[in-house]
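J.: Here's my sequence, what's the structure:
(2 chains)
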Amino acid sequence: MNALELESVTKRFGEFFAVKELSCKVAAGGIYSLLGPNGAGKTTTIRMVMNIIIPDSGSIRVFGQSMNENMKREIGYLPEDRGLYPKMKVGELLMFLAALKSVKRAEARQKINIWLERFELVEWKNKKVEELSKGMQQKIQFIATVIHSPRLIILDEPFSGLDPVNTKLMKDIMREMKAEGKTIIFSTHRMEQVEMISDDICLINKGRMVLEGPLHRIKTEYGKNTVILEYEGDASAVSGQPEVEKIDDYGKFMEIKLREGADPQALLQKMVDRIRISKFEIQEPTLNAIFIDKVEERR
Amino acid sequence: MSKILTVVKREYFQMVRSKGFIIGTVLGPVLMAGIILIPMVLSMVSVENQEDIAVVDESRAIYPGLETKLDMKLKDGRLRYRLEEIDPQGNIEEILSGLNKKVLAKELSAYLYIPAAVEEEGAAEFVSLHVADFDKTRLINEALNNVVIEKRLRSEGLDPEKISAYTRGVRLTTKKVTKQGAEEDVGGTFLIAYVLVLILYMTLIFYGSIIMRGVIEEKNSRMVEIVLSSLKPFQLMTGKILGIAAVGLTQYGIWALFGMGLSQYGGRLMTGIVPSAAGIRFPTIPVYIFIFFVVFFILGYLLYGTVYAAIGSMVNSEKEAQQLMMPVTMFLVIPILLMMYVIRSPEGSLSVVLSLIPLFAPILMLLRVCILLPPPVQIAGSIVLLMLSIVLMIWIAAKIYRVGILMYGKRPRFGEVLKWMKYK
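T.: This is a model prediction of the structure:
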């Protein structure tokens, strides 16, 4: 069964199409990432899934049912614009949010304690939110998202503002939840996070879907046409070579997209005399390259 | 429904437990009682000192009468004014400048100079360090007047006592007709109307801005979308408005208890503090006025509270909100400006029409109820119209609110807000 199905969903704000004819399917039990540059329509799409804004046309089904207010109980949602009532005590605030999700008081109390312990925040339970650091507040927001044990978890830019330690913690928890059979959808514009944990991806740009499917399949389809080059010296000559279609030069590191049928060996031979090469690897393109490629292709 | 209730509970308890609420609720009545009681008490315990007043009576005919007229005692039995007759023999300028010095040196509190021609010219001088004690100057002026008038009458061969009996005035008491018959009205109706309408006006603005601030805070803290993952914008808005309404009613309840206590025991309490205050009557307020007060508070609150919620959703800061609040506040100020007119002519057709207009109705209809109970049809009409406009306003506000709370950045123009309403 699919956890989520969108069928030609369209949302217009005035003359501007935030989302246009978007269709996608999210299989239950996986990690699905929604990718796109800023302003692509990710947040609008997610808000429509959450019934916070209503699509102009198209249909949204969650676990086979048309999305409605009652289905909100099945979903845990961490918005991109997130914050907490600054004057409320942590424990009370979580109880309030649990009550909104119709979690029984005793059960909520128990779960709040378990989660606070997990995040090492127990001693903050009776402190006001405004006394917490930003990182702690983000953990509280995450607890609020999963306090009712939802089957579908939607995280909009979950890693933004997280330090490396908390990013790892977040990824661990996402993997754990996947192991428990839950479905996770998250949006981001930072590709390296996607590659590590996603099963499926959906790339949208300007409100339209550009690419969708299992991550490994997409990468294979692009083929092993990419060279990762780590070097020292002046590498400007690389771009002039007949084998090279496109490069992303980062100074000490370069991602080279080869022309079809080009021989990477030949390129290597030409370059060894000009620069010091510490790494030369033929691989699938990074998601970042696919992303930039796809977004630029549409322009 | 249970979700709205959850929001209501949060709003209510967060607010009621806050220091601001506790201070406001307790301090409000204390301040009010203070404003009413302190001047009363002060007027009762006016500062009383014995005063030495010199009298220079050039006519030599006024002083004896004046002494009898000003024969007043302080509470401790001493004379209030110790009069001393100064012999006007000699240079009058010198005598007066000598008295001036004595007043400056505070040997005398004042002196009264009665020229020889007082009966003909009707002029005298009262000289003291300060002349702001109107009570004192009035007493002395009256005494002097009476003595001089009596003298004039007598010199014409008339009997002053008879004249004063002939010219005695008529006492007019104002009464108000109620179902129970005519009752004496000591200006209480007017006072009650004034106080209740002002309380209504202030609390409408006060609680309205609390709603608005709450919405802005929810927006600014970015809490709103987390909450919306569980309920509809409409439920959040409704919960907020109802929760704060409950806070307002709690505050009103506490104040009403206090007010009733004051009108029941206030007189006795004051008599305890200041024995001479016995006999001060606290106006009693008919129960129906209390009921209408609460009804119009609730209706006015719902109407204006909804508008304030919509405004809060449109802006990012209270500063931005100020501009938008201006026109709303105007609708509350206009009835206050019209108050005097309505008090003078509560049944006039303009008063009737104005008190039916929903935005004015809470204040003006309550005012009319206090002054002169309007026909039931008019009261019911204003309530029905208010309810209809509340429904309409909630419908409009909900449409603005659900879009507004998710909009950050630039404050929308009016045209944009209209567009929001068309969003699905």
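J.: Got the domain ranges for the chain?
T.: Using chain A here. A:2-219, A:224-283 (automatic domain parsing).
J.: Chain B was what I was after
T.: According to automatic domain parsing, chain B comprises the domains B:51-166, B:183-422.
J.: now these as CSV including mean pLDDT?
T.: Listed next are the domains of chain B as CSV, based on pLDDT from 0 to 100:
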stretch, mean pLDDT
domain B:51-166, 84
domain B:183-422, 86
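J.: Kindly reformat the ones you listed as JSON lines containing distance to A:E230 and mean neighbour count.
T.: C-beta coordinates here come from the backbone N, C-alpha and C atoms, glycine included. Below are those laid out as JSON lines (distance: least, Cβ to Cβ, whole Å; neighbours: other Cβ atoms under 10 Å in any protein chain shown):
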{"stretch": "domain B:51-166", "distance to A:E230": "95", "mean neighbour count": "14"}
{"stretch": "domain B:183-422", "distance to A:E230": "41", "mean neighbour count": "18"}
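J.: So which of the ones you listed is nearest A:R217?
T.: Among those, domain B:183-422 comes nearest to A:R217, with 31.8 Å by Cβ to Cβ.
J.: how far out from the middle of the chain is the closest one?
T.: 18 Å (Cα atoms, centre = their mean, to the nearest Å).
J.: So is it next to chain A?
T.: Yes: using Cβ under 8 Å from any Cβ of the partner chain, domain B:183-422 reaches chain A at B:217-218, B:221-223, B:225-233, B:402, B:406, B:408, B:419.
J.: Looking at the residues you listed, which are in strands?
T.: Among those, none falls in strands (DSSP state E).
J.: Taking chain B, what residue is nearest to chain A?
T.: Residue nearest to chain A within chain B (Cβ to the nearest Cβ): B:R222, separated by 3.2 Å.
J.: ok, that residue - contacts?
T.: A:P79, A:D81, A:R82, A:G83 (Cβ atoms under 8 Å, 6 or more residues apart in numbering or on different chains).
J.: that older thread, same list, the domains of chain B, but as TSV with distance to B:A33 please.
T.: Shown next, in TSV, are these (distance: least, Cβ to Cβ, whole Å):
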stretch	distance to B:A33
domain B:51-166	26
domain B:183-422	6
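J.: now for these, which one comes closest to A:V272?
T.: Nearest to A:V272, of all the domains of chain B, is domain B:183-422, at 53.0 Å by Cβ to Cβ.
J.: which residue sits closest to the residue of chain B closest to chain A, ignoring its sequence neighbours?
T.: A:G83 (3.2 Å; Cβ to Cβ, 6 or more residues apart in numbering or on different chains).
J.: Over to that neighbour. Which of the three states is it?
T.: coil (DSSP: H, G, I helix; E, B strand; the rest coil).
J.: Can you report how many residues lie near it?
T.: A:G83 has 20 neighbouring residues, counting by other Cβ atoms under 10 Å in any protein chain shown.
J.: which intervals of the stretch 1-150 of chain A have sub-threshold pLDDT?
T.: By pLDDT under 70, the stretch 1-150 of chain A has no low-scoring segment.
J.: Now for whatever residue of it ends up closest to chain B: which residues touch it?
T.: Of all residues in the stretch 1-150 of chain A, the one sitting closest to chain B is A:G83 (3.2 Å; Cβ to the nearest Cβ). Residues near A:G83 by Cβ under 8 Å, 6+ apart: A:Q137, A:Q141, B:S221, B:R222, B:M223, B:I226.
J.: cool, B:A61 as well?
T.: By Cβ under 8 Å, 6+ apart, the contact list for B:A61 reads B:E119, B:K151.
J.: Please identify the deepest-packed of the domains of chain A.
T.: Among the domains of chain A, ranked by average contacts under mean count of other Cβ atoms under 10 Å in any protein chain shown, first place goes to domain A:2-219 (a mean of 18).
J.: ok, which stretches of the stretch 1-150 of chain A are strands?
T.: A:2-13, A:16-27, A:31-35, A:57-62, A:65-66, A:75-78 (DSSP state E, counting those that start in this stretch).
J.: For B:P362, which non-adjacent residue is spatially closest?
T.: B:G300 (3.0 Å).
J.: quick one, strands of the stretch 101-250 of chain B?
T.: Going by DSSP E, counting those that start in this stretch, the stretch 101-250 of chain B shows strands at B:110-114, B:125-128, B:175-178, B:181-184.
J.: Could you tell me which residues make contact with B:L200?
T.: The contact partners of B:L200, by Cβ under 8 Å, 6+ apart, come to B:F293, B:F296, B:F297, B:G300, B:P362, B:I363, B:L366.
J.: If we use 10 Å, what do you get?
T.: B:F293, B:F296, B:F297, B:G300, B:Y301, B:L332, B:P335, B:I336, B:P362, B:I363, B:L366, B:L367 (Cβ atoms under 10 Å, 6 or more residues apart in numbering or on different chains).
J.: Of those, just say which sits nearest to B:S355.
T.: Nearest to B:S355 among those, with distances taken as Cβ to Cβ, is B:L367, at 7.6 Å.
J.: The closest one contacts B:P335, doesn't it?
T.: Yes: counting by Cβ atoms under 10 Å, B:L367 touches B:P335, with 7.7 Å between them.
J.: got any residues that touch both of the two?
T.: Counting by Cβ under 10 Å, 6+ apart, the shared contacts of B:L367 and B:P335 are B:V197, B:L200, B:V342, B:S355, B:F360.
J.: Surely the fourth one is in a helix?
T.: Okay, so that is B:S355. Yes: assignment of B:S355 by three-state DSSP places it within a helix.
J.: Chain neighbours aside, what residue packs nearest to it?
T.: In space, B:S355 is closest to B:L364, 3.9 Å off (Cβ to Cβ, 6+ apart).
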